[in-house]
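Chemist: quick one, structure for this:
(one chain, ligands or ions: 1)
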Amino acid sequence: MNDRHGIGLTSQRARNRLVDQLRGMGINSEEVLDLIRNTPRHLFVDEALASRAYENNALPIGFGQTISQPYIVAAMTELLLTTGSVSRVLEIGAGCGYQTILLSKLAKQVFSIERIAALANRLRERLHELRVVNVRVRHGDGRLGWAIHGPFDAILIAAAAGVVPQPLLEQLAIGGRLVMPVGVPGEQTLTLIRRTEEGLSEEALQRVSFVPLIDGVG
Ligand code: SAH
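Modeler: Predicted structure coming up:
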């Protein structure tokens, strides 16, 4: 049995502990908590960091990027899940793909964009290994969205910018919600945007800290 398996066996306890912690921080959705409990986050980080995968922390994934903190992944997922349909989902900033996998278990179809080619390729391999068939990964600039597959019921952006890119707003279905960290580095607010028949509405939620949404592809 190799180290990877050893971590796998001991990690169920660590995952349960993480779930208890997230519950204590206000995550209420049993569906989301079950997803966290059943998803092997250690497979999404470097082997050297695997033993820390169930701490409630962001961790480096290379290329100056981080896997988002479990609490914030859970909070964003819960937000989309409890406010409407998550059938057709667009994710911007897939990174290592941990959030992508959670979304794939809730959605009928996930469209995921990542600007760093190596991360996008690694994610495709991971999805293949994990036999996830309802996710399409695109290497590109997520600020443009993925119009031919829209409109989307839910859009999740895992990188911060001063404003929500206009194409993403345009690709939101009626009844759709978009969640994104909005603001300058160090001063971002998780923002929920809803599209109704009447137009767009915006709600500022909690303070967060994300890496920036960057122009173009890496
Ligand atoms: N949810 C991911 C978060 C990774 S950090 C995870 O938990 O692993 C944010 C990611 O957004 C990085 O991988 C970064 O490369 C990507 N990113 C930044 N700007 C982007 C853009 N314009 N289009 C697509 N991806 C972008």
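
Chemist: enumerate every residue touching the residue lying closest to S201 once chain neighbours are set aside.
Modeler: Nearest non-adjacent residue to S201, counting by Cβ to Cβ, 6 or more residues apart in numbering: R194, 5.1 Å away. Every residue, glycine included, has its C-beta placed from N, CA and C. Residues counted as contacts of R194 (Cβ atoms under 8 Å, 6 or more residues apart in numbering) are T83, G84, G175, G176, R177, L178, L200, S201, E203.

Chemist: from the residues you listed, which land in strands?
Modeler: G175, G176, R177, L178, L200, S201, E203 (DSSP state E).

Chemist: out of those residues, who has the most neighbours?
Modeler: Ranked by the number of neighbours (other Cβ atoms under 10 Å), those place G176 first, at 27 neighbours.

Chemist: from memory that one sits against L168, does it?
Modeler: No. At 10.3 Å, G176 does not count as touching L168 under the criterion of Cβ atoms under 8 Å.

Chemist: could you name every residue contacting both of the two?
Modeler: I155.

Chemist: right, and I72 touches L205 too?
Modeler: No. Checked against Cβ under 8 Å, the pair I72 and L205 is beyond contact range at 10.8 Å.

Chemist: looking at this, I27 is in a strand?
Modeler: No. Assessed with DSSP: H, G, I helix; E, B strand; the rest coil, I27 is coil; it does not lie in a strand.

Chemist: per-residue pLDDT, the nearest residue to it once chain neighbours are set aside?
Modeler: Distances taken as Cβ to Cβ, 6+ apart put A74 closest to I27, at 4.7 Å, once the chain neighbours are dropped. pLDDT for A74: 98.

Chemist: ditto for S11
Modeler: Predicted confidence (pLDDT) for S11: 78.

Chemist: in which helix or strand would I find it?
Modeler: Using DSSP states H and E, S11 sits within helix 3-24.

Chemist: in the helix or strand following that helix, which residues are buried?
Modeler: Following helix 3-24 in sequence order, the next helix or strand is helix 30-38 (DSSP H and E). By neighbour count on 16 or more other Cβ atoms under 10 Å, the buried set for helix 30-38 is V32, L33, L35, I36.

Chemist: can you tell if helix 30-38 touches the ligand?
Modeler: No. Using Cβ under 6 Å from any ligand atom, helix 30-38 never reaches the ligand; the gap is at least 12.8 Å.

Chemist: hmm, who's touching that helix?
Modeler: Here helix 30-38 makes contact (Cβ under 8 Å, 6+ apart) with 15-16, 18-19, 22-23, 27, 70, 73-74, 77-78, 81, 102, 105-106.

Chemist: filter those residues to the buried ones?
Modeler: Here, 16+ other Cβ under 10 Å leaves 15, 18-19, 22, 27, 70, 73-74, 77-78, 81, 102, 106 buried among the contacts of helix 30-38.
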